[in-house]
Each structure stands twice: as C-alpha cells, then as structure tokens.
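Participant: Next one to model:
(one chain, ligands or ions: 1)
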Amino acid sequence: MVSAEGSNPVTGGDANAESAVSVSNLEKEYGSGDDAVQAVNGVSFDVERGTAVGILGPNGAGKTTTIKSLLSLIFPSEGNIYVEGINVHKEPKQAFRHMGAMLEGARNTYWRLTVRENLEIFSVIAGLDYRERGDRIDDLLEQFGIDHKADTVVRELSRGQKQKVSLATAMARDADVVVLDEPTLGLDVESSLELRRELRRLVEDDGITVLLCSHDMDVIQDVCDRVIIMNDGEIVADDTVGNLLDLFDTQAYEVTVEGELDDADRRRLETAFDLTDFDRRRGSTTFQAHVTGDDFYSLVESLRAIGAAVEAFDTVEPDLEEVFLRITDDEEDERPTETPVAQAASGGPR
Ligand SMILES: Nc1ncnc2c1ncn2[C@@H]1O[C@H](COP(=O)(O)OP(=O)(O)OP(=O)(O)O)[C@@H](O)[C@H]1O
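Facilitator: Predicted coordinates:
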C-alpha cells in the first residue's frame, strides 16, 4: 500500500494530536456466522488539519461503512476513530461539535422546512446565540448563493440547490471537519463545478478539513490534496493526487500501427506485453501499451518482427480514473507485487 508522505500511521488506538481525523485499525463485520460480511478490515489513516482527503473505491469497497463509523452512525467491531482528538464512539456529543456532515441526497436536511429554518436549527445545535445566528445565516445564504431561496421549503428546490443547503447546514455548525458523501451526485456540470470551488475555498481560506467520498474522480481530483483508495474493505493506496498520477506517468503509450492487426498477432503481443484498449478501424490499429524501460524497446522490436509499421507513439497522461482502475484491477488480479503501487510501497522506483 502506498502511504502519504508525512502522514503518521496511528498505532495502539491513540489519537494523533496533529490530525483532525485519526482512524486506527477500523474493522466492521455485518451479520454473523455464514452470513457475516467483513465490510472494513483493518483500515487506518490520518487527515491533517486544513486538508481535503477523498475516499475512492468500487461498489462494496467499504467507503460508506468507514464514513458511517466516523459519524458514529454505526459502531465498528474494532478500532478507534478520533476527530480533533475526541473519540467519536466514546464521546460522540463532544466530537460532533467539531463535525458537519453532508450525506448523499441531502438527507441531513429537513425537507419540509425552509432553507432559513434549516440553517436556524443547525446553528442552534452549534450553540450560536440569537445575534450570532442571524449574521451567520445571512453569511451562509450569500456564500452559497441561495439567499433568494431563503424562505422556500427544501423539498421545492432543485437538486443542486438542495446540495448547497445541505453543505450550508453542515457549515452552520461552524464545523472544523466536514464529511461529505457523494456531494455532487446528480448535479449538472455548472452546479458541480460551483460546489467544488466552494469546497476548495473552505479548505484554503477557512482551514476546514474535508473528508469526502465520491465515485466522481473529477471531484476528487479538483478538491482533494490526497486520495485513499479502498478495495474489499482495505486501503490499497494512500497518497497525494499528484503522486498517484506520477506513479503511472509515462508508463503508458498510445500506439497506432498501420493496418488492422489480426487476432493471432494481437494475441502474440498480448502474451508478451501489458496492452489494453485495442481499437481497429479505418486501416489502422490503436492500442495502449503499459511498458517501461527495456520493455518499450522490446515492443518496438516485436512490432517490427510482425511487420506492423508504427504510425505514432504518444505518451498517455493518466488521470485519476486511470490510476484508480489500474490499482483496483491489479488487486483483483492478485498480482500486487508487480504493480507500480506495490513497487512504490516497497521503496521501489516511482
Ligand atoms: N447493513 C449492512 N448489512 C450487511 N452488509 C452490509 C451492510 N452495509 C454494507 N454491507 C456490506 O458491506 C460491504 C461494504 O459496503 P459499503 O456500503 O461500506 O461499501 P461502499 O464502498 O460504500 O460501496 P458503494 O460504492 O456501493 O456505496 C458490502 O459488501 C456491503 O454489501
């Protein structure tokens, strides 16, 4: 597993004083006996104050279970979670004073109440007095661009507006740590971009710590400093977005050869090299070659040997989606020692 530089693994269940969030050896098993499901298996990570961390993973990876444990909505089988140094399961009320949550589908708001009433409730919970509340609510309405909807009931808002109210209520609590589950789900491009900008602003200008779970890689790439990738209840990568992209940088090439490569040649090449995304059309064949160093030259030799004239070799710039797919595919293939992730974890080349 790749570890984020500068992060401090937590051991023995102690809170890490430097961290806004500290999760150690988290385990959660649902059910029992033959029906038992190990949803989370030994997950540990820290989130530094004033940073944004994204949790990515395929369906069933254990992301929601981790988030729900953090919000104390479920009790883990093992492990400890601290928010601002407070154990969320032993002292949930104290921990909640520091936390705001935005759950998928704006489920953390009261849909029958108006936007302003929702913000009132959450600022009362936050302990703000009457005068502070008025100012805070006006600020939030303006900040999130929903002041014109202040007296509308949440149920009647668009999806994007509901998401904004949901984030505003999380902020009404004056939270230090905001936990978000699929914050941009169902939003149009413009609203999604706006919400991403707002989240980044909260981190950079207000020093808020953000932990967000999303299937939307663009959101994670735009908002987060660091990404944790989970698979099968475990963390399989944990590093800065930049480092994870670097890990796969210049390791893939898009190769275009003249002619439509026949199946026998394709199979021969695939046996020797890691090739993907074959596309035969209009008199040429394109594929991606995941090769490094000497393998690159061997591939050129092999193409020459089968008489395939190379039209173009382009470096493929990986995005987070590519990184994610390759890391989780490698896990599925149970070939961890051959992956760049495993190499990096063992101190190998990056
Ligand atoms: N209440 C429950 N009872 C039994 N099993 C559960 C329960 N909740 C989750 N699971 C199982 O635990 C595993 C992890 O689920 P979890 O919802 O945490 O994954 P996830 O990464 O959030 O997935 P998704 O992206 O689909 O939301 C899955 O195998 C799921 O079926």
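Participant: Contact partners for residue 234?
Facilitator: By CB atoms under 8 Å, 6 or more residues apart in numbering, the contact set of residue 234 is 1, 41, 42, 43, 62. For every residue, glycine as well, the C-beta is placed using N, CA and C.
Participant: least trustworthy position among the residues you listed, going by pLDDT?
Facilitator: Within the set of the contacts of residue 234, pLDDT is lowest for residue 1 (53).
Participant: Present the contacts of residue 234 as JSON lines; the columns should include distance to the ligand, neighbour count and secondary structure.
Facilitator: Output for those, formatted as JSON lines (distance: CB to the nearest ligand atom, whole Å; neighbours: other CB atoms under 10 Å; DSSP: H, G, I helix; E, B strand; the rest coil):
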{"residue": "1", "distance to the ligand": "17", "neighbour count": "16", "secondary structure": "coil"}
{"residue": "41", "distance to the ligand": "10", "neighbour count": "18", "secondary structure": "strand"}
{"residue": "42", "distance to the ligand": "14", "neighbour count": "14", "secondary structure": "strand"}
{"residue": "43", "distance to the ligand": "11", "neighbour count": "25", "secondary structure": "strand"}
{"residue": "62", "distance to the ligand": "4", "neighbour count": "25", "secondary structure": "coil"}
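Participant: would you turn those into CSV with distance to residue 84?
Facilitator: Listed next are the contacts of residue 234 as CSV, based on distance: CB to CB, whole Å:
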residue, distance to residue 84
1, 26
41, 26
42, 24
43, 19
62, 24
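Participant: hmm, which two among the residues you listed are most spread apart?
Facilitator: Longest distance between any two of the contacts of residue 234 is 14.3 Å, between 1 and 62; criterion CB to CB.
Participant: Just confirm residue 175 is within a helix.
Facilitator: No. Using DSSP: H, G, I helix; E, B strand; the rest coil, the assignment for residue 175 is coil, not a helix.
Participant: May I have the phi/psi pair for the nearest residue to it once chain neighbours are set aside?
Facilitator: Nearest residue to residue 175, sequence neighbours excluded (CB to CB, 6 or more residues apart in numbering): residue 100, at 3.3 Å. When quoted as degrees, to the nearest 10, the phi and psi of residue 100 stand at phi -130, psi 150.
Participant: Residue 100 contacts residue 177, doesn't it?
Facilitator: Yes. At 7.4 Å, residue 100 counts as touching residue 177 under the criterion of CB atoms under 8 Å.
Participant: which of these two has more neighbours?
Facilitator: residue 100 (25 against 21; other CB atoms under 10 Å).
Participant: quick one: contacts for that one?
Facilitator: So residue 100 contacts 169, 170, 171, 172, 173, 175, 177, 178, 179 (CB under 8 Å, 6+ apart).
Participant: Give me the lowest-pLDDT entry from those residues.
Facilitator: Among the contacts of residue 100, residue 173 carries the lowest pLDDT, at 73.
Participant: unless I'm mixing things up, it is touching residue 125, no?
Facilitator: Yes. With contact defined as CB under 8 Å, residue 173 counts as touching residue 125 (6.3 Å).
Participant: between these two, who's got more neighbours?
Facilitator: Set residue 173 next to residue 125 and count neighbours by other CB under 10 Å: residue 173 wins out with 22 against 13.
Participant: Quick check: phi and psi on residue 128?
Facilitator: Per degrees, to the nearest 10, the backbone of residue 128 is at phi -80, psi 140.
Participant: And for residue 258, the neighbour number?
Facilitator: Neighbourhood size, residue 258 [other CB under 10 Å]: 13.
Participant: separation between it and the ligand?
Facilitator: If you measure residue 258 against the ligand using CB to the nearest ligand atom, to the nearest Å, the figure is 43 Å.
Participant: What of residue 312?
Facilitator: Distance of residue 312 to the ligand, given as CB to the nearest ligand atom: 37 Å.
Participant: If you count contacts, what does the helix or strand in which that residue is found end up packed against?
Facilitator: Residue 312 belongs to strand 310-315 when assigned by DSSP states H and E. For strand 310-315, the packing partners by 3 or more CB pairs under 8 Å, 6 or more residues apart in numbering; DSSP states H and E come out as strand 252-258.
Participant: Quick one: the helices in the stretch 1-150 of the chain, in order.
Facilitator: For the stretch 1-150 of the chain, helices defined by DSSP state H, counting those that start in this stretch occupy the ranges 63-70, 92-96, 115-125, 130-143.
Participant: measure residue 253 to residue 247 for me?
Facilitator: Applying CB to CB, to the nearest Å, the value for residue 253 to residue 247 is 16 Å.
Participant: Could you point out which of the contacts of residue 100 is nearest to residue 35?
Facilitator: Distances from residue 35 to the contacts of residue 100, taken by CB to CB, are shortest for residue 179, at 28.9 Å.
Participant: who's that closest one bridged to?
Facilitator: residue 101, residue 211 (DSSP bridges).
Participant: related to what we said a few turns ago, neighbour-wise, give me the winner out of the contacts of residue 100.
Facilitator: Greatest neighbour count in those, by other CB under 10 Å, goes to residue 169: 26 neighbours.
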